[in-house]
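> Test case, fold it:
(2 chains)
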Amino acid sequence: MDEIEKKLLSEVADLHGVPEGAYNIRENGKSVGRASTENIQIVTKTEEGKSGIDIIIKPGTKNESVHIPVILSKTGLKETVYNDFYIGEGADVVIIAGCGIHNCGVQTSEHSGVHTFYVGKNAKIRYVEKHYGEGDGNGENVMNPTTVIHIEDGGSMEMETTQIKGIDSTARVTRATMGAGASLVIKEKIYTHGKQLAKTDFSVDVNGEDSSVNLISRSVAAENSHQEFVANINGNTRCHGHSECDALIMDHGTVTALPALTANSIDAELVHEAAIGKIAGEQLVKLMTLGLTEKQAEEQIIKGFLS
Amino acid sequence: MLELQNICFSAMTEENTEKEILNDVSLKFDKGFSVITGPNGGGKSTLAKVIAGIYRPTSGKILLDGEDITDLSITERAQKGISFAFQQPVRFKGITVKDIISIAAGKTLSVSQVCTYLAEVGLCARDYINREINASLSGGELKRIEIATVLARSTKLSLFDEPEAGIDLWSFNSLIKVFEKMRETIRGNIIIISHQERILNIADRIVVLSAGKVDREGTKEEILPSIVGTSACKTLQAHMN
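Take a look at the predicted model:
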């Protein structure tokens, strides 16, 4: 692994070498390192035409983690990867994914990851993914992550998804279904700049009684970038649903927020909030009275907002 | 020393006419504890914002230790040693109490250093250090954090715009103690804008600003008896009403 690849790995997975526990590192379309543990098996998909892995976590597995970073450093590489996660009953694990692209060529590099989670009864997972791009060429970095989530009764999932830099175009699709007493929290953070485009599309079917979903998106659209946020929560039974989109716009950035709620049951309780606006002048003034320049004040506000 | 020379400030009203808010204000603030009072609309908050650099005077000069700072920005004045506690503390999503106090101090502070500043304003640090400065904090809590940022800066000039505004009785009582303590340990120049009798009572010097002009100024003994019971000097009871 060269320096560029090491840097990508540290950006997307905070890894400085081989991680502990189960892992699979995919580099330029191939697996370059893998380890399974007694409780967590990682196996290559054998289906024709489908590249990717299955991650099978035994019921009751506790305090273990899985790292599955993907890095692309060759310009013009386009790939679609299918990763399926089977989280056994009562397991409690952390899964860290992430994709970094370094593109110094002129062709478009594109990674589409389709991650499907089968969260078993009473299982609990925390899923963290980071998307990062860099490169000094004119080639575009494109990432289209799709996340499909099925949570069985009593299961819970917390997903943190972050895109801070360098992705020119992204369409982020998340679909989820939920069983009784299940819980899903998704926290999204996106910063776009230049002429970047980011679309987020959440749709959750809350089917199980007393289940709850909370979608929280914080985003900053700077320069000439554009973002779209779509969230559909379908409350099909007695349940709680909440979505929140909070966007800061700067320069010529533009944002569209379309939060939608559908209550198909008299006992569904659904709330949405969406706010878009520039940085409040008084926030800048306050930080300037503490000795920061306007630019430093702006950076602090954005850093806090996306923290 | 802060010196204001013939400060005038006008602003456009909604009807698009020019309104004079400060009219030829000349004042000197030396080391000590000064309180600026006067009726509402008299120009007190405007004067504080002119000193902090948030508003530029239409005419007149501002000198800090003899240096003309009239044309300096908010940032430059802050760096030269002016601190300003807002009447309405600003809220921030994602910025924590520890962050803002570190920004104020100009360096990354340890947890125990942040705790020291919070303790000075009567907040139990452990409960607050990682809280965001957002609507989850009460008016009194925000106000005390605002004051803690000024303490953390520890500059030669500290300016407080109506520290009593928008807080409850319990918070007000503990706030008074903060100022009383600051009064005892005073090193720099403290200017407070306030109508509150208990704050006026700990002043070395009182300035009464009315209709954009300096109406009277002098020691507490000279000024206080003449303003007790007026809108320039409210008792706690009146403040709470």
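
> Residue A:189 sits in which helix or strand?
Assigned by DSSP states H and E, residue A:189 falls within strand A:183-192.

> Show me what the helix or strand that comes right after that strand pairs with in its sheet, parallel or antiparallel.
Once the chain leaves strand A:183-192, the next helix or strand it forms, by DSSP H and E, is strand A:197-206. Take DSSP bridges as the rule and strand A:197-206 pairs in its sheet with strand A:169-178 (parallel), strand A:226-235 (parallel).

> quick one, the first one and strand A:183-192 angle?
The reference is to strand A:169-178. 170 degrees (axes from the mean of the first three to the mean of the last three CA atoms, to 10 degrees).

> hang on, the earlier thing: okay if I get the strands paired with strand A:197-206 as TSV plus mean pLDDT and mean neighbour count?
C-beta: built from backbone N, CA, C; applies to glycine. As requested, the strands paired with strand A:197-206 are exported to TSV (pLDDT from 0 to 100; neighbours: other CB atoms under 10 Å in any protein chain shown):
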stretch	mean pLDDT	mean neighbour count
strand A:169-178	94	20
strand A:226-235	96	22
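
> need the contact list for the nearest residue to residue B:131 once chain neighbours are set aside.
Once flanking residues are discounted, residue B:131 sits nearest to residue B:97: 5.4 Å by CB to CB, 6 or more residues apart in numbering or on different chains. By CB atoms under 8 Å, 6 or more residues apart in numbering or on different chains, the contact set of residue B:97 is B:114, B:118, B:128, B:129, B:130, B:131, B:133, B:145.

> any idea which helix or strand carries residue A:25?
strand A:22-27.

> again, but for residue B:75
Of the helices and strands defined by DSSP H and E, residue B:75 is found in helix B:74-80.

> what about residue A:296, which SS state?
What DSSP: H, G, I helix; E, B strand; the rest coil gives for residue A:296 is helix.

> Excluding chain neighbours, give the residue nearest to it in space.
Counting by CB to CB, 6+ apart, the residue nearest residue A:296 is residue A:287, at 7.4 Å.

> what's the one helix or strand that neighbour maps to packed up against?
Per DSSP H and E, residue A:287 falls inside helix A:281-289. Helices and strands touching helix A:281-289, by 3 or more CB pairs under 8 Å, 6 or more residues apart in numbering or on different chains; DSSP states H and E, are helix A:294-305, helix B:74-80, strand B:82-85.

> Of all those, which one is nearest residue A:98?
Closest of the helices and strands packed on helix A:281-289 to residue A:98 is helix A:294-305, at 20.1 Å (criterion: CB to CB).

> can you list the residues of chain A near chain B?
Within chain A, the positions lying close to chain B (CB under 8 Å from any CB of the partner chain) are A:218, A:246, A:280, A:282-283, A:285-294, A:300-301, A:303-307.

> and if we set it to 6 Å?
The interface of chain A toward chain B, taken as CB under 6 Å from any CB of the partner chain, is made up of A:282, A:283, A:285, A:286, A:288, A:289, A:290, A:291, A:293, A:304, A:305, A:307.

> Now for residue A:92, how many residues are close by?
By other CB atoms under 10 Å in any protein chain shown, the residues close to residue A:92 number 17.

> For residue A:38, see how far away it is.
For residue A:92, the distance to residue A:38 equals 16 Å [CB to CB, to the nearest Å].

> hey, which of the helices and strands packed on helix A:281-289 is tucked in deepest?
strand B:82-85 (a mean of 26; mean count of other CB atoms under 10 Å in any protein chain shown).

> Quickly check: that strand near chain A or not.
Yes - interface with chain A: strand B:82-85 contributes residue B:84 (CB under 6 Å from any CB).

> among the contacts of residue B:97, which are in helices?
The helices, defined by DSSP state H, take in B:114, B:118, B:128, B:145 from those.

> Excluding chain neighbours, give the residue nearest to the second one in space.
Leaving aside its chain neighbours, residue B:118 sits nearest to residue B:125 (4.1 Å; criterion: CB to CB, 6+ apart).

> For burial, what's the neighbour tally of that neighbour?
A count of nearby residues for residue B:125, using other CB under 10 Å, gives 17.

> and what of residue B:174?
14.

> same thing with the one 3 residues further on?
Residue B:177 sits with 11 neighbouring residues when counted by other CB under 10 Å.

> Next: residue A:276.
Using other CB under 10 Å, the number of residues around residue A:276 comes to 18.

> same check, this time on the one 5 residues further on
Counted by other CB under 10 Å, the residues lying close to residue A:281 total 9.

> Can you list the helices and strands that the strand holding residue A:189 packs against?
If you count contacts as 3 or more CB pairs under 6 Å, 6 or more residues apart in numbering or on different chains; DSSP states H and E, strand A:183-192 packs onto strand A:156-165, strand A:211-221.

> who touches residue A:257 in this structure?
A:229, A:245, A:274 (CB atoms under 6 Å, 6 or more residues apart in numbering or on different chains).

> per-residue confidence at residue 83?
With no chain named, the answer covers chain A. On pLDDT, residue A:83 comes in at 94.

> Actually, chain B is the one I wanted.
According to the model, residue B:83 scores 95 on pLDDT.

> Look up the closest residue to residue B:109, ignoring the ones flanking it.
Nearest to residue B:109 is residue B:102, by CB to CB, 6+ apart, at 4.8 Å.

> A helix includes that neighbour, no?
Yes - under three-state DSSP, residue B:102 falls within a helix.

> mind listing what the host helix or strand of residue A:93 pairs with, with the direction of each?
Counting by DSSP H and E, the element that carries residue A:93 is strand A:92-102. Sheet pairing here is set by DSSP bridges, and for strand A:92-102 it gives strand A:62-72 (parallel), strand A:124-134 (parallel).

> so it versus strand A:22-27, what angle?
10 degrees.

> center of chain A - which residue?
residue A:161 (2.6 Å; CA atoms, centre = their mean).

> and what of chain B?
Note: chain B centre (CA atoms, centre = their mean) maps to residue B:160, 1.0 Å.

> Contacts only, for it.
Residue B:160 makes contacts with B:85, B:192, as judged by CB under 6 Å, 6+ apart.

> any idea how far it is from residue B:207?
Using CB to CB, residue B:160 is found at 14 Å from residue B:207.

> do the same with residue A:45
Distance from residue A:45 to residue B:207, by CB to CB: 78 Å.

> Comparing the two, which residue is more hemmed in?
More crowded of residue A:45 and residue B:207, by other CB under 10 Å: residue B:207, with 23 against 15.

> rewinding a little: show the contacting residues for the residue nearest to the centre of chain A.
Residue A:161 touches A:129, A:188, counting by CB under 6 Å, 6+ apart.

> try it again with 8 Å
By CB under 8 Å, 6+ apart, the residues touching residue A:161 are A:128, A:129, A:130, A:131, A:145, A:147, A:172, A:186, A:187, A:188, A:189.
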